[in-house]
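# my questions are about this predicted structure, shown below with the sequence.
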Amino acid sequence: MPRLREKIRSRIPKIRAKIKDEILSKHADKVVCNVTVKQVYGGMRGVIGLVCNSSYVDPYQGLHIRGIPLAELTDRIPEEIFYLLCTGEIPGKQDLERLQEEMHLRSEVPEYVWNVIRALPKDTHPMTMFSIAIMAMEKNSIFKEKYAAGMRKADYWEATLDDSLEILAKLPAIAAGIYRIRYSMGDLIPYDKSLDWGGNYAKMLGIPDPKGEFAKLVRLYLVLHCDHEGGNVSAFTSRVVNSALSNLYYAVSAGLNGLAGPLHGLANQECLKFVLSIQEKFDKAPSKKELIDFVLSTLKVGKVIPGYGHAVLRETDPRFTAFYKFGDKYCSKEETFLIVKRLFEVVPDILKEYGGGKIADPYPNVDAISGSLLFKYGLTMFDYYTVMFGVSRVLGFCAQAIMAHGLQAPIIRPKSVTNEWILDKFKK
Ligand code: CMX
């Protein structure tokens, strides 16, 4: 039994006691935030209605994983981050090895998953394939089986941990397999039990990587996208679905479906399209003046500048900064990266002024840069990029689900009202 399981088991009663004795017993009826009519109509932006202990996004300093700023975690590997998300601790060498062994044991993808993927039309979006692949395995849910056998509520978290390990262990092979099948890249590349999670994913994609730089980028990518609080579209969707005790296969697939939207995870695909359209128009990295004109003309036709803005952040995303450092080190001559750099020089100032300053966050988010780096290493099928984002974000979906069940969180069910209800309320 891996130490991860024991760590979580020992933490759950402590967190439950903290919530009961220090929070609910003293503050249960206190108000955490007021909700305005504008927020009710405005996508609930800024409404506090959820607890997520795995990560926190400070508007100015960005993502913190279990209280640790992301910038301090960029040299870690994704398995360490998963352990951290679940337990609040970075694993020691032995604990990490045990988790990796557990993943290796569960890594084999059932043959029928490949049959399902291959049966889909060739022009199916890779995110659709990814979501379907997870759903295809739903019959194997340990949670589902134990629930049917009368599992106690106190044990939900453990069955969810089992489902998490089953899904996570198979994700690199599934995601890489989708890449190879969808783009006719040849045979599937076998899983290598001597490699880590990210290293395996990089290898199974089959991108030539003589210096190991691509594997480094994949590990960094998987660390940077792992979690971003509980209220973003994908994490929230995944949690809502899981709160109905739909097992993790349903919840992960649902979260991925949310991630597939262009205002969320698909933005990285849109960003690279945007960068490539600049490259094509100017046939090289454009001058500052040319770029300003291009950005202004994009805004003028009512399009968003992909990769800029955020619902919570109000400063440059530290995930963007981490990729930027990688780019400066390994991709400094790459044209797509140079365009990204130049956009960073001009876009924030334009967005600050645009629409009378209506854009809350004129700075880049992670999607503004990630694609330009993948592109440099030969991962040029940019409609695939959100799949890589998804592989990483499932770490967060799983950690959040395990903890929600550990705390025996109830079904999520906010209240909605009608226009008439609102009019009536303020008439009085
Ligand atoms: N370019 C042009 N206009 C933008 C903009 C951008 N990059 N970002 C925001 N705006 C506009 C909004 O469309 C909105 O316009 P309207 O009032 O006309 O509807 C206005 O500015 C205010 O929006 P906001 O409060 O600043 O931003 P939201 O919280 O509503 O939306 C986000 C956040 C990310 C959807 C938005 O900034 C956007 O569309 N960005 C581009 C897409 C993108 O990069 N998405 C990835 C985000 C990261 C992720 O979740 O994965």
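Done, it's in.
# OK, contacts around Leu351?
With contacts defined as Cβ atoms under 8 Å, 6 or more residues apart in numbering, the neighbours of Leu351 are 305, 308-309, 359, 362. (Each C-beta comes from the backbone N, C-alpha and C, glycine too.)
# looking at the residues you listed, which are in helices?
Secondary structure defined by DSSP state H assigns none of the contacts of Leu351 to helices.
# out of these, which are buried?
Restricting the contacts of Leu351 to buried positions leaves 305, 308-309, 359, 362, with burial counted as 16 or more other Cβ atoms under 10 Å.
# near the ligand, which of the residues you listed show up?
With respect to the ligand, and counting by Cβ under 6 Å from any ligand atom, the subset of these in contact is 305, 308-309, 359.
# adding pLDDT, write the residues you listed out as a markdown table.
Shown next, in a markdown table, are these (pLDDT from 0 to 100):
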| residue | pLDDT |
| --- | --- |
| Ile305 | 95 |
| Tyr308 | 96 |
| Gly309 | 96 |
| Ile359 | 96 |
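# farthest-separated two in those?
Distances among these were taken as Cβ to Cβ; the most separated pair is Ile305 and Ile359, at 9.1 Å.
# find the closest residue to the ligand in the stretch 101-250 of the chain.
With Cβ to the nearest ligand atom as the measure, the residue in the stretch 101-250 of the chain that lies nearest the ligand is Asn232; the distance is 5.6 Å.
# what's the nearest residue to the closest residue to the ligand within the chain if we skip its chain neighbours?
Nearest to the ligand, among the residues of the chain, is Gly309, at 2.2 Å (Cβ to the nearest ligand atom). The shortest distance from Gly309 to any residue other than its chain neighbours is 5.0 Å, reached at Asp361 (Cβ to Cβ, 6 or more residues apart in numbering).
# state the distance from that neighbour to Ala28.
With distances defined as Cβ to Cβ, to the nearest Å, the gap from Asp361 to Ala28 amounts to 34 Å.
# same check, this time on Ser131
For Ser131, the distance to Ala28 equals 38 Å [Cβ to Cβ].
# same deal with Ile81?
Here the distance between Ile81 and Ala28 works out to 33 Å (Cβ to Cβ).
# tell me how many other residues surround His228.
The criterion is other Cβ atoms under 10 Å. On that basis, His228 has 29 neighbouring residues.
# now do the contacts for it.
With contacts taken as Cβ under 8 Å, 6+ apart, His228 has the following neighbours: 55, 57, 63, 235, 393, 396.
# and Asp367, by the same measure?
With Cβ under 8 Å, 6+ apart, Asp367 has these contacts: 265, 267-268, 270-271, 306-307.
# ditto for Asp75
Contacts for Asp75 were tallied using Cβ under 8 Å, 6+ apart; there are none.
# same question for Met204.
Residues counted as contacts of Met204 (Cβ under 8 Å, 6+ apart) are 172-173, 176-177, 180, 188-191.
# go again using 7 Å as the cut-off
By Cβ atoms under 7 Å, 6 or more residues apart in numbering, Met204 lies in contact with 172-173, 176, 189, 191.
# just name the shakiest helix or strand of the protein by mean pLDDT.
For the chain, counting by mean pLDDT, DSSP states H and E, helix 267-282 ranks last in confidence among helices and strands (a mean of 91).
# enumerate the residues of the protein near the ligand.
Applying Cβ under 6 Å from any ligand atom, we find that the chain lies next to the ligand at 45, 232, 263-265, 267, 299, 304-311, 358-361, 365, 367.
# and the residues you listed, which of them are buried?
Buried residues within those, defined by neighbour count using 16+ other Cβ under 10 Å: 232, 264-265, 267, 299, 304-311, 359, 361, 365, 367.
# now do the same for the residue lying closest to Leu63 once chain neighbours are set aside: its pLDDT.
Beyond its immediate neighbours in the sequence, the residue positioned closest to Leu63 (Cβ to Cβ, 6+ apart) is Leu70, lying 4.5 Å away. As predicted, Leu70 sits at a pLDDT of 96.
# what backbone torsions are found at Leu70?
Per-residue torsions, Leu70: phi -60, psi -40 (degrees, to the nearest 10).
# then Gly62?
Backbone torsions for Gly62, taken as degrees, to the nearest 10, come to phi 80, psi -160.
# ok, now the one 4 residues further on?
Backbone dihedrals for Arg66, given as degrees, to the nearest 10, come out at phi 50, psi 40.
# that one against Phe82, yeah?
No. Taking Cβ atoms under 7 Å as the contact criterion, Arg66 and Phe82 are not neighbours in contact, 11.5 Å apart.
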